[in-house]
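Visitor: fold the following for me, if possible:
(chains A and B)
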Amino acid sequence: DTAVSQTPKYLVTQMGNDKSIKCEQNLGHDTMYWYKQDSKKFLKIMFSYNNKELIINETVPNRFSPKSPDKAHLNLHINSLELGDSAVYFCASSQRSYEQYFGPGTRLTVT
Amino acid sequence: GNSVTQMEGPVTLSEEAFLTINCTYTATGYPSLFWYVQYPGEGLQLLLKATKADDKGSNKGFEATYRKETTSFHLEKGSVQVSDSAVYFCALSQPGGGTSYGKLTFGQGTILTVHP
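Guide: Sure, this is the predicted structure:
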């Protein structure tokens, strides 16, 4: 069983489109996160949810909107995609603020 | 704010060589410290962790000691293998709640390549 899964694994789309990335965890954790990894491998947190409540909202354009329908899911919707949004997006989960478990990543390419 | 600085990479070693990847941090209080590893095409995996000063984290032959006096958490392995080739990230997490709840601050990552 995959602990933290993301779909899709690859996403290629054109500028201006709207897309969503889905994340699910089956670990029973109460906290989920989205991270962005740029082309130089640098990782930065974007959002976190604890028990479906938004806790961390870093300096991210408001074109990015996370949604947590329940504790096991955290989706990321991106409007009006730009070239600079091309990156690998990782979902992660943890129980409270303890160690985080990461998904396999979604490689987003905006053309 | 919090920050993590890793040694510049990439690092290239021969199999069975000794590995050190330096990591220093800036944070208030007593953060938890982590090393994550990212194998090609995969997500991050927790390699080891330490939650208080002088703790030593270890896993798969890798070790790191939480040194508060030097604000460091250097990663070491006595004899690397080709299968250790990956990107290694040092990270810290500040305890407590609020807007820092669970937030991991990462170093820039160090690419390790091990040749046979």
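Visitor: just checking: what are the partner strands of the helix or strand of chain B with the lowest mean pLDDT?
Guide: Every helix and strand of chain B was ranked by mean pLDDT, DSSP states H and E. The lowest is strand B:104-106, at a mean of 90. Sheet pairing here is set by DSSP bridges, and for strand B:104-106 it gives strand B:86-93 (antiparallel).
Visitor: hmm, A:S68 is touching A:I55, no?
Guide: No: assessed by CB atoms under 8 Å, A:S68 is found out of contact with A:I55, at 10.6 Å. In short, each C-beta sits where N, CA and C put it, glycine included.
Visitor: find the residues that touch each one of those two.
Guide: Overlap of the contact sets of A:S68 and A:I55 (by CB atoms under 8 Å, 6 or more residues apart in numbering or on different chains) consists of A:Y49.
Visitor: can you find the helix or strand in chain A with the smallest mean pLDDT?
Guide: Of all regular secondary-structure elements in chain A, judged by mean pLDDT, DSSP H and E, the least confident is strand A:53-57 with a mean of 84.
Visitor: what's downstream of that strand, the next helix or strand?
Guide: Using DSSP states H and E, the helix or strand that directly follows strand A:53-57 along the chain is strand A:64-70.
Visitor: for B:G61, which non-adjacent residue is closest in space?
Guide: The spatial neighbour of B:G61 that comes closest, neighbours along the chain excluded (CB to CB, 6 or more residues apart in numbering or on different chains), is B:K77 at 5.2 Å.
Visitor: could you check how far the one you found is from B:T5?
Guide: Between B:K77 and B:T5 the computed distance is 20 Å (CB to CB, to the nearest Å).
Visitor: do B:S79 as well
Guide: Taking CB to CB as the measure, B:S79 and B:T5 are separated by 26 Å.
Visitor: what do you get for A:A3?
Guide: As for A:A3, its distance to B:T5 is 30 Å (criterion: CB to CB).
Visitor: for A:N62, same thing?
Guide: Looking at A:N62 against B:T5, where the rule is CB to CB, the gap reads 31 Å.
Visitor: with A:K40 instead?
Guide: 15 Å.
Visitor: contacting residues for residue 64?
Guide: No chain was given, so I picked chain A. Applying CB under 8 Å, 6+ apart, we find A:F64 in contact with A:M46, A:F47, A:L76, A:H77, A:I78.
Visitor: hmm, no, I was thinking of chain B.
Guide: For B:A64, the contacting residues are B:C23, B:L33, B:W35, B:L48, B:A50, B:K56, B:G57, B:S58, B:F73, B:H74, B:L75, B:E76, by CB under 8 Å, 6+ apart.
Visitor: can you spell out which residues form a bridge with the second one?
Guide: Counting by DSSP bridges, B:L33 is bridged to B:A50, B:L92.
Visitor: kindly report the same for A:C23.
Guide: Counting by DSSP bridges, A:C23 is bridged to A:Q6.
Visitor: count the residues that sit near it.
Guide: A count of neighbours around A:C23, defined by other CB atoms under 10 Å in any protein chain shown, yields 25.
Visitor: per-residue pLDDT, it?
Guide: The confidence metric pLDDT takes the value 97 at A:C23.
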